[in-house]
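Peer 1: sequence and predicted structure, then a few things I'm wondering about:
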Amino acid sequence: MRAFTYAVLLTALGSRVMNANTIGLTGSSDVVAFDGVDFVITMGSASCVTPTEICTYGGSQPLGSGTLSWNFQTPNTESITYDPFLGTVVGPTGGTFSVSDGVDGFAGTYSLSQWTYDGVPDTSGDDGIDLIGQITVTNLTLAGGEDPNQAAFESFFSLPASASYAFTLDVGDCTRGFKSGQCITPTDPSASFISLSLTPQGTPEPGTLGLGVAGLLAVAGLRRRLSNK
């Protein structure tokens with residue numbers, strides 16, 4: 001009974017620790033292109049067309065007293081390819097990710113694991129696409145006490161505790177020239193940015209650890225009272 005009770009409590013605590021608040025990034029004018037014949041994705045600006053380029057998909061937004069800039073970078077040596085039968089992404093499935101307010105920032109690698117229709121029709125009645133993956137932080141830069149924006153940056157990204165982020169890049173409103181269409185149709189319709197959400201991994205929600213300790217002590221006290229009856 002004790003092991004079961006502790007396990008239930010720890011499972012509930014773990015779910016609260018792992019599911020931190022979602023972070024929303026905005027401010028992108030870049031596109032994702034789809035080739036519906038070969039199920040191919042290209043992430044980056046519309047000018048990313050030659051194999052020697054690094055495709056950049058990014059945006060910027062206000063944060064505190066500064067401006068936050070973020071971007072995905074992917075070598076354009078080969079397109080990302082989706083296998084509709086296995087439901088997986090194959091080929092070059094990632095690159096690097098970075099974000100900075102000009103002083104504070106972090107960089108890392110990202111991997112794209114899947115993409116799927118998001119079930120939200122646009123004005124033409126076509127669903128957008130969710131690109132889903134993981135960002136792993138490899139380098140964190142925090143300027144220190146003289147930086148007036150560091151507190152806002154740390155709070156926004158749940159730093160320095162976060163070592164990785166699950167992400168969902170939602171794109172849609174696909175067009176071929178000026179004509180609207182489904183994102184996964186020939187040939188290379190351009191999908192506009194809708195939203196980018198990051199979920200910190202392993203970051204406790206405020207007060208969770210305190211509540212968890214209190215809960216464990218309460219369970220222990222209850223067990224002692226029951227055993228003394």
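Peer 2: That came through, no problem.
Peer 1: and the residue positioned nearest the centre of the chain, its phi and psi?
Peer 2: Nearest to the centroid of the C-alpha atoms of the chain, with distances taken as CA atoms, centre = their mean, sits residue 167, at 1.6 Å. Residue 167 has phi and psi values of phi -130, psi 150 when expressed as degrees, to the nearest 10.
Peer 1: so what's it up against?
Peer 2: 110, 132, 133, 134, 135, 196, 197, 198, 199 (CB atoms under 8 Å, 6 or more residues apart in numbering). (Glycine included, C-beta is placed from N, CA and C.)
Peer 1: and residue 164, by the same measure?
Peer 2: If you count contacts by CB under 8 Å, 6+ apart, then residue 164 has 108, 134, 135, 136, 137, 200, 201, 202 around it.
Peer 1: which strands and helices sit next to the strand or helix carrying the third one?
Peer 2: Mapping residue 135 onto the secondary structure by DSSP states H and E places it in strand 127-141. Contacts of strand 127-141 with other secondary structure elements, assessed using 3 or more CB pairs under 8 Å, 6 or more residues apart in numbering; DSSP states H and E, are made with strand 31-35, strand 94-100, strand 105-121, strand 164-176, strand 190-200.
Peer 1: let's see the third one as PDB, backbone CA atoms only.
Peer 2: Extracted in PDB, the C-alpha atoms of strand 105-121 (Å, rounded to 0.1, in the frame of the first residue of the first chain):
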ATOM      1  CA  GLY A 105      20.800  33.700 -25.500                       C
ATOM      2  CA  PHE A 106      21.100  30.000 -26.100                       C
ATOM      3  CA  ALA A 107      21.900  27.700 -29.000                       C
ATOM      4  CA  GLY A 108      21.500  24.100 -29.700                       C
ATOM      5  CA  THR A 109      20.400  21.500 -32.100                       C
ATOM      6  CA  TYR A 110      16.900  20.600 -33.300                       C
ATOM      7  CA  SER A 111      15.500  17.400 -34.600                       C
ATOM      8  CA  LEU A 112      12.200  17.100 -36.600                       C
ATOM      9  CA  SER A 113      10.300  14.000 -35.700                       C
ATOM     10  CA  GLN A 114       7.000  14.300 -37.500                       C
ATOM     11  CA  TRP A 115       4.500  16.500 -39.200                       C
ATOM     12  CA  THR A 116       0.700  16.200 -39.400                       C
ATOM     13  CA  TYR A 117      -2.400  18.100 -40.300                       C
ATOM     14  CA  ASP A 118      -3.400  20.300 -37.400                       C
ATOM     15  CA  GLY A 119      -7.200  20.000 -38.000                       C
ATOM     16  CA  VAL A 120      -7.700  23.800 -38.100                       C
ATOM     17  CA  PRO A 121      -9.100  25.000 -41.500                       C
END
